[in-house]
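Engineer: Generate coordinates for the sequence data below:
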Amino acid sequence: MSSSSINQLLSAIRKLAAEAADNGAIEPQIAGGIRAVKGARQEGRRTGNWLTREQAQTWLNTPDPRSLKGLRDRALLAVLIGKRDKVRSVTMPNWTKSAIDS
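Structural biologist: Below you'll find the predicted structure:
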C-alpha cells in the first residue's frame, strides 16, 4: 500500500478510537495511545518540468477575466497550479511546457 493509503486508514482508526473513548467503549489512555501512532512517511522526488512562480502567474493571468470562458479557464488553471508542495502531483510533459512557453 502507498503511504497516503496507510495514512488515510490510520486517520479513520484514530477517529474511531476518539469516538469510542468519548462514548466510554474504551479507556481514554488507550485512545490516546492509538492517536499517538505515527503515520507512514511520504517520500518522493520532484521530476519533470516545474513552473517558477513568475511563469505560473503569467500563465494564470493569460485568460481574459471579463469573459465567462476566461473566468472558467482561469479557475481551472488555478486548480492545476495550486498544488502547493505536494509531491504526488502529476508532472508536466515536455510538449505541454513547450506549448506554454510558445
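Engineer: tell me which residues of the longest helix anywhere in the chain are tucked away?
Structural biologist: Looking across the chain with DSSP state H, the single longest helix is helix 3-22. Buried positions in helix 3-22, judged by neighbour count with 16 or more other CB atoms under 10 Å: N7, L10, R14, A17, A18, A20, A21. Any C-beta I mention is one placed from the backbone N, CA and C, and that applies to glycine too.
Engineer: With respect to M92, which of those is nearest?
Structural biologist: Using CB to CB, N7 is the member of these that lies nearest M92, at 26.1 Å.
Engineer: Quick one: residues contacting the closest one.
Structural biologist: G39, A40, Q42 (CB atoms under 8 Å, 6 or more residues apart in numbering).
Engineer: confidence score at the closest residue in space to the first one that isn't next to it in sequence?
Structural biologist: Right, the one you point to is G39. Once flanking residues are discounted, G39 sits nearest to N7: 4.1 Å by CB to CB, 6 or more residues apart in numbering. According to the prediction, N7 has pLDDT 92.
Engineer: just the helices in the chain please.
Structural biologist: Under DSSP H, the chain gives helices at 3-22, 28-35, 53-61, 68-81, 94-101.
Engineer: if I pick the nearest residue to G32 once chain neighbours are set aside, what's in contact with it?
Structural biologist: Distances taken as CB to CB, 6+ apart put A21 closest to G32, at 8.0 Å, once the chain neighbours are dropped. A21 sits next to E27, P28, I30, A31, G32 when contact means CB under 8 Å, 6+ apart.
Engineer: what about the last one, how many residues close to it?
Structural biologist: In this case it means G32. 12 (other CB atoms under 10 Å).
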